[in-house]
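Enquirer: After the sequence you'll find the predicted model.
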Amino acid sequence: MSTRSICIIDDDKVYTFGIKKIIKNLLPGDTVTTYNNGKEALEQLKKLQKASESLPDVILLDIDMPEMNGWDFLKEFDAVRDSVEKKIEIFVISSRIESGKESLYQVEWDSKVSKFVPKPVDANRLKELLS
């Protein structure tokens, strides 16, 4: 499997540390970048785009964050994503996703999100998502 760039956007530092560690163990060749909120991530991703640098292959996105939540990030990120010829998978991983209601979220956000996943995410579920 080729190496990928994975971006984690989540304000929970403990969760982010754990997920990053799991990814490094499962997929040691992949690079992982983390951002504390949607605004910080959007600014950095726009800089990468402007510099013609590669955007991440996968984004793990939380919903509840300060400054810019996950829904607002998705809306704003559309313009960035539409300007590149690259498939970017976005997984919304949040404690706000009620188990069994993923299909309701999918209806509204289908074109923007690959999958909705309730927290907490264990190593097996993460491996399944990233495979």
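Expert: All right, it came through fine. Numbering: from 1, shown residues only.

Enquirer: low pLDDT regions in this protein?
Expert: 1-2, 96-110 (pLDDT under 70).

Enquirer: at 80 what do you get?
Expert: For the chain, the stretches flagged by pLDDT under 80 are 1-3, 94-112, 116.

Enquirer: if you go through it in chain order, where are the strands?
Expert: Taking DSSP state E, the strands of the chain run over residues 5-9, 31-35, 58-61, 89-94, 115-118.

Enquirer: Could you identify which of these is most buried?
Expert: Of all the strands of the chain, strand 58-61 carries the top mean neighbour count, a mean of 25, counting by mean count of other Cβ atoms under 10 Å. From N, CA and C alone the C-beta is placed, and that goes for glycine too.

Enquirer: ok, residues contacting that one?
Expert: 4-10, 19, 38, 70, 73-74, 88-94, 130 (Cβ atoms under 8 Å, 6 or more residues apart in numbering).

Enquirer: And stretch 88-96, by the same measure?
Expert: Surrounding stretch 88-96, the residues in contact under the criterion Cβ under 8 Å, 6+ apart are 10, 55-64, 70, 74, 77, 81, 105, 109, 112-121, 129.

Enquirer: Of those residues, keep whichever come out buried.
Expert: Those of the contacts of stretch 88-96 that meet the buried threshold are 10, 55-63, 70, 74, 77, 81, 105, 109, 112-114, 116-118, 121, 129, by 16 or more other Cβ atoms under 10 Å.

Enquirer: show me what contacts the residue lying closest to residue 73 once chain neighbours are set aside?
Expert: Excluding the flanking residues, the one nearest residue 73 by Cβ to Cβ, 6 or more residues apart in numbering is residue 38, at 3.1 Å. Residues near residue 38 by Cβ under 8 Å, 6+ apart: 9, 61, 65, 67, 68, 69, 70, 72, 73, 76.

Enquirer: Using TSV, please lay out the strands of the chain together with distance to residue 50.
Expert: Conversion of the strands of the chain to TSV gives the following (distance: least, Cβ to Cβ, whole Å):
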stretch	distance to residue 50
strand 5-9	17
strand 31-35	17
strand 58-61	18
strand 89-94	21
strand 115-118	29
